[in-house]
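Engineer: Would you be able to build a 3D model of this:
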Amino acid sequence: MPVGALRILRGMPTAVVTGGAGFLGSHLCDYLLARDYRVICVDNLESSKLENLAHIRDEAFVFAYHDVIEPIQIDGPVDFVYHLAALASPIDYLRQPLHSLKVGSYGTHHALGLAKWKRARFLLASTSEVYGDPKVHPQPETYWGNVNPIGPRGVYDEAKRYAEAMTMAYHSQQGVDTAIVRIFNTYGPRMRSHDGRAIPNFMRQALAGEPLTMYGTGRQTRSFCYVDDLVRGLVLLAESGEHLPVNLGNPGEFTLLELAETVLRVTGSRSEIVYEALPIDDPQQRQPDITRAKQILGWEPEIPLEDGLRRMLEALGREPVGV
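Structural biologist: Numbering: from 1, shown residues only. Sure thing, here's the model as predicted:
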């Protein structure tokens, strides 16, 4: 997959974004282009869509259709490799467990190989799922996690844990300039409506006047970071000299029942909440300790949950009712 169509513009750094057509990746491409980067988006569109990139009209951007489980070849200089490619949604990694493992292993190996070849700074998009169903709350980067490696979620959790180990091995043995970010729940425009995660599910159901599906009691907690805040943190970390994992997420903690009630108020929906069985190994608590992000990057989120939900509604062409 040689990529040579991008015109070399003097003085502009080049970033490769794997998974760049996805929800988070497309927002990262936008942010980098606004900062005068050349951007090469690598994606096989397995869990993403070109519509997320359709608005981009920039000569400094190119899309490369490619599956990262195969070697990545890029013509010309590369300064940063953002490795975001993953089957991150439960509906995707449960549907394709082997491919999820291959993206975390082969895909990370090939993305690191590209960074080594180009002498580029490498950023691995890891996940709060490496903490599993945590016994420590909130979760600092020093916590090793409580993960079931043979459960249905293990194909994603362990793929990311393996990717972190490989990233550190490339750094310590091969001298690759690496960074690891552990991303907590993130939301915003361009999430798939049938993504399988709480916010897009609740938003879709509320806007359609359907019952909101609550798994378990609704007392399990999550922390939700708006995508603009998260992307800003990704770039700060990539442009830093940090090598050890850094949590990025919003430390504001909500029960899923509180989230559902907030979605109902913002949308003005009168949908009821219905309860179903909790999925296997679903974590009961999830809240980031972002002390290191504050100290190292000077980063913390700025957009409260209610404001982020309103922005999602506006992106859908709907008028939020308010809270």
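
Engineer: how many other residues sit next to the closest residue to Gly22 other than its chain neighbours?
Structural biologist: Spatial nearest neighbour of Gly22, excluding adjacent residues (CB to CB, 6 or more residues apart in numbering): Ser48 at 4.0 Å. Using the backbone N, CA and C atoms, a C-beta is placed for each residue, glycine as well. Residues within reach of Ser48, counting by other CB atoms under 10 Å, total 23.

Engineer: Would you mind measuring from Ser48 to Gln285?
Structural biologist: Distance from Ser48 to Gln285, counting by CB to CB, to the nearest Å: 29 Å.

Engineer: again, but for Thr217
Structural biologist: To Gln285, Thr217 is 13 Å away according to CB to CB.

Engineer: Of these two, which one has the most company?
Structural biologist: Under the criterion of other CB under 10 Å, the comparison of Thr217 against Gln285 puts Gln285 first, with 18 against 12.

Engineer: what's near enough to touch that one?
Structural biologist: Asp133, Pro134, His137, Gln220, Thr221 (CB atoms under 8 Å, 6 or more residues apart in numbering).

Engineer: and the gap between Ile91 and Ser26?
Structural biologist: The value you get for Ile91 to Ser26, if CB to CB is used, is 19 Å.

Engineer: Who has more neighbours out of these two?
Structural biologist: A direct count of neighbours by other CB under 10 Å for Ile91 and Ser26 places Ser26 higher, at 29 against 14.

Engineer: ok, now which ones touch that one?
Structural biologist: So Ser26 contacts Gly20, Ser48, Asn52, Leu53, Arg190 (CB under 8 Å, 6+ apart).

Engineer: any idea which of these is closest to Arg119?
Structural biologist: Nearest to Arg119 among the contacts of Ser26, counting by CB to CB, is Gly20 at 21.1 Å.

Engineer: and the closest one, how many neighbours?
Structural biologist: Residues lying near Gly20 (other CB under 10 Å) number 28.

Engineer: so it makes contact with Leu84?
Structural biologist: Yes: Gly20 is within contact range of Leu84, at 7.0 Å (criterion: CB atoms under 8 Å).

Engineer: pLDDT weak spots in this protein?
Structural biologist: 1-10, 320, 322-323 (pLDDT under 70).

Engineer: where do the helices sit along it?
Structural biologist: In the chain, the segments counted as helices under DSSP state H are 23-34, 90-95, 97-102, 108-118, 154-174, 198-207, 227-238, 256-267, 291-297, 305-315.

Engineer: Need those helices in JSON lines (columns: distance to Ile40).
Structural biologist: Formatted as JSON lines, the helices of the chain follow (distance: least, CB to CB, whole Å):
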{"stretch": "helix 23-34", "distance to Ile40": "9"}
{"stretch": "helix 90-95", "distance to Ile40": "23"}
{"stretch": "helix 97-102", "distance to Ile40": "22"}
{"stretch": "helix 108-118", "distance to Ile40": "10"}
{"stretch": "helix 154-174", "distance to Ile40": "20"}
{"stretch": "helix 198-207", "distance to Ile40": "28"}
{"stretch": "helix 227-238", "distance to Ile40": "15"}
{"stretch": "helix 256-267", "distance to Ile40": "36"}
{"stretch": "helix 291-297", "distance to Ile40": "25"}
{"stretch": "helix 305-315", "distance to Ile40": "26"}
